Each structure stands twice: as structure tokens, then as C-alpha cells.
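Trainee: Need coordinates for the following:
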Amino acid sequence: MALRIRPAAKDDAQALTQVVNPIIAAGGTTAHQTPFDESRLLRHYIAPPMLVSCQVAEQDGIPMTINFHWNVENERRITGDLESTVTQQGMTCRMSRTYELDYDG
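Mentor: Predicted coordinates for the structure are as follows:
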């Protein structure tokens with residue numbers, strides 16, 4: 001089974017609320033405090049007015065979460081974090097990476 005990573009689309013909004021809302025409810029790992037409905041999640045992550053990348057990982061039977069945090073510092077610099085978590089057969093693998101992107105527009 002191949003893992004497919006694709007840009008999140010409007011049709012993913014409901015499923016993504018089911019991923020992010022329990023994290024918000026648990027507290028301590030996100031700045032968000034208000035649960036998302038489909039409309040708000042769509043505006044915030046999938047089709048926002050600013051640059052954001054929201055990806056979805058799909059693979060039958062293996063739950064995966066991928067989180068991107070973007071910070072647009074100015075028109076030439078973006079920083080952020082990428083984190084992913086995969087759980088299968090009682091084992092969990094977590095990976096994270098901080099990145100910096102400078103560009104000359």
C-alpha cells in the first residue's frame with residue numbers, strides 16, 4: 001500500500017475537524033482554544049487568504065497526522081515546523097523538523 005500525500009481540499013474539512021478538535025479539547029499542544037466547524041477550518045487551513053499549506057496523508061488502515069505551522073515573518077521570510085505522527089499495531093512514530101525559507105521574490 002502506497003502512502004499518498006495530497007493538498008487538503010474542501011471535501012476534507014469535516015474529517016479534519018475530527019482530527020483537530022480532540023487536540024484542542026485536550027489542551028496544551030495548540031494555541032487554538034475554540035473547536036473548528038467545517039466553515040472555519042476551511043477558511044483557516046484549506047483556503048485562507050495568506051500562504052498556508054495543509055496536506056492530507058491517506059493510507060488504508062493506518063492513521064496519520066501531519067501538522068504544518070507557518071509563520072510569514074515578512075515578504076521574504078517564512079519559518080515554521082513540520083510534525084507527523086503515525087500509529088500502527090500499537091507503535092507510534094513521531095517526526096518533527098523546523099525550517100526556514102528565505103526567498104528573493
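
Trainee: My read is that H44 contacts E38, right?
Mentor: No: the pair H44 / E38 is not scored as a contact, 11.0 Å apart, by C-beta atoms under 8 Å. (Each C-beta comes from the backbone N, C-alpha and C, glycine too.)

Trainee: Please enumerate the strands of this structure.
Mentor: Here the chain has its strands, by DSSP state E, at 4-7, 55-58, 64-74, 77-88, 91-102.

Trainee: Contacts for the last one, please.
Mentor: It stands for strand 91-102. R76, R77, I78, T79, G80, D81, L82, E83, S84, T85, V86, T87 (C-beta atoms under 8 Å, 6 or more residues apart in numbering).

Trainee: tilt between that strand and strand 77-88?
Mentor: Interaxial angle, strand 91-102 versus strand 77-88 (axes from the mean of the first three to the mean of the last three C-alpha atoms, to 10 degrees): 170 degrees.

Trainee: Excluding chain neighbours, give the residue nearest to A25 in space.
Mentor: P35 (7.0 Å; C-beta to C-beta, 6 or more residues apart in numbering).

Trainee: Between the contacts of strand 91-102, which sits nearest I23?
Mentor: T85 (10.7 Å; C-beta to C-beta).

Trainee: Count residues in the vicinity of that closest one, would you?
Mentor: 14 (other C-beta atoms under 10 Å).

Trainee: what bridges to it?
Mentor: Here T85 sits in beta bridges with T65, R94, as judged by DSSP bridges.

Trainee: A13: neighbouring residues, count only.
Mentor: Taking other C-beta under 10 Å as the criterion, the count of residues near A13 is 21.
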